[in-house]
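Engineer: Fold the stuff below for me.
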Amino acid sequence: MSKKPSVLFVCVHNAGRSQMAAGWLTHLAGDSVEVRSAGSLPADQVNPAAVQAMAEVGIDISTAQPKVLTTEAVQASDVVITMGCGDACPIFPRKRYLDWELEDPAGQGVDAVRPIRDDIEGRIRGLLAGLGVPVETAGSAHIG
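Structural biologist: Residues are numbered from 1 along each chain as shown. Now for the predicted structure:
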């Protein structure tokens with residue numbers, strides 16, 4: 001693959017799971033992967049418990065903004081990952097679609113969000129291995 005792979009994380013409100021996944025992917029892959037996240041009914045802000053849980057592992061998603069899911073974002077992505085929230089995505093040929101069944105962090109405190117964060121990290125590491133992208137060993141993430 002000559003161009004870098006692109007991954008789109010989709011969850012209805014684009015405020016918790018998909019934002020944490022985007023944060024992990026950016027943190028672990030650096031500039032090796034193009035990262036997107038979106039939702040069909042984006043929230044006004046990222047879940048504060050998700051922001052806190054990610055900050056605990058040195059990943060800043062505090063400035064991330066939930067975005068609306070567009071057909072163009074799906075078309076521009078090589079891998080589309082829904083977060084177990086039942087959001088529907090347009091289907092295009094030659095795209096890889098995955099659904100990660102993850103507990104919803106909405107309305108939960110940081111203690112409940114930590115295991116979701118850690119589950120997402122493991123899935124991101126597996127995704128990177130499957131894409132043949134090495135994991136970055138240093139640097140901090142800032143998702144915008």
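Engineer: Now do the SS call for Phe128.
Structural biologist: Rather than Phe, residue 128 is Leu. helix (DSSP: H, G, I helix; E, B strand; the rest coil).
Engineer: And the nearest residue to Ser77 once chain neighbours are set aside, how close does it get to Glu34?
Structural biologist: Nearest non-adjacent residue to Ser77, counting by CB to CB, 6 or more residues apart in numbering: Leu8, 3.8 Å away. Quick note: C-beta positions are derived from backbone N, CA and C, even for glycine. Per CB to CB, to the nearest Å, Leu8 is found 9 Å from Glu34.
Engineer: ditto for Val10
Structural biologist: Relative to Glu34, and taking CB to CB, Val10 is found at 15 Å.
Engineer: what do you get for Ala22?
Structural biologist: Using CB to CB, Ala22 is found at 11 Å from Glu34.
Engineer: who has more neighbours, Val10 and Glu34?
Structural biologist: Of the pair Val10 and Glu34, Val10 is the one with more neighbours under other CB atoms under 10 Å, namely 27 against 17.
Engineer: wait, what's in contact with the more buried one?
Structural biologist: Ser18, Ser37, Ala38, Gly39, Ser40, Leu69, Val80, Ile81, Thr82, Met83, Asp87, Cys89 (CB atoms under 8 Å, 6 or more residues apart in numbering).
Engineer: Pull out the buried positions in the strand or helix carrying Asp118.
Structural biologist: Secondary structure from DSSP states H and E places Asp118 in helix 110-131. Residues 110, 113-114, 116-117, 119-121, 123-124, 127-128, 131 are the ones in helix 110-131 that count as buried (16 or more other CB atoms under 10 Å).
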